[in-house]
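A.B. asks: Have a look; sequence and predicted model below, questions after that.
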Amino acid sequence: ITQSDDISCGSITVPENHDNPTGRKIELTYVVLKSKNTTPKADPLIYFSGGPGGITLSSRRIAGWMDSPVRDDRDIILFDQRGIGLSSPLPNLRADIFNIMADDLTSKEEAAAIAEVQARYKTICNDQGIELNRYNTFENARDVGLLMDHLGYSKYNLYGTSYGTRLARVVQDLFPEKL
């Protein structure tokens, strides 16, 4: 992602556990796509991707939003949710799971192989000090509240797809004064 007159990039540090703000920290990476209008509306749109686990900050997704008519009169904020893409990504077990699915296993063998991958993944995360139980909708929503504070707009519009609608709904419940 290259910063330009149309794109502003950055990251903020957030607590992995918002109930323990002095504990382990993670990075939340964002991009602001500037409005095409030199006097944009004051309330940008924040996009919440689906999944959970969908990467937002990909070249393809950013290019799609660059051409969006929403940009005609307002800024668009994109970010990778905690543990995903450019935001302190968690160890990736996707290849291991796909390999299991590609194998010709019985349902019992497949369940055992998946359990083995999950146990190995949990050990890797524990060894790295990652609190997996903190990678959830409510911690994500609190990250968004900090992102809103960081960016400094007075009001925001929310737009989510798939799981992103759930996250947007929790953000709405936690921060109604910012919407």
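C.D. replies: Nice, thanks for sending it over. Please read all numbers here as calculations on a predicted model, not as lab measurements.

A.B. asks: pLDDT at the residue of the chain most remote from its centre, what is it?
C.D. replies: Going by CA atoms, centre = their mean, the residue of the chain most distant from its centre is residue 106, 34.9 Å out. With respect to pLDDT, residue 106 scores 94.

A.B. asks: Next up, the contacts around it.
C.D. replies: Taking CB atoms under 8 Å, 6 or more residues apart in numbering, we find residue 106 in contact with no residue. Where C-beta positions appear, they are placed from N, C-alpha and C, glycine not excepted.

A.B. asks: Any figure for the gap between it and residue 120?
C.D. replies: Applying CB to CB, to the nearest Å, one obtains 21 Å for the distance of residue 106 from residue 120.

A.B. asks: least trustworthy helix or strand in this protein by mean pLDDT?
C.D. replies: helix 94-102 (a mean of 88; mean pLDDT, DSSP states H and E).

A.B. asks: Residues contacting it, please?
C.D. replies: With CB under 8 Å, 6+ apart, helix 94-102 has contacts from 110, 113, 114, 117, 120.

A.B. asks: how far is the helix or strand hosting residue 47 from where the chain is centred?
C.D. replies: Here residue 47 sits within strand 45-48, counting by DSSP states H and E. Its chain's average C-alpha position is 10 Å from that of strand 45-48, according to CA atoms, centre = their mean, to the nearest Å.

A.B. asks: helices and strands around the next helix or strand after that strand, which ones?
C.D. replies: Per DSSP H and E, strand 45-48 leads on to helix 59-66 as the next helix or strand towards the C-terminus. The contact analysis (3 or more CB pairs under 8 Å, 6 or more residues apart in numbering; DSSP states H and E) places helix 59-66 against strand 25-33, strand 76-79.
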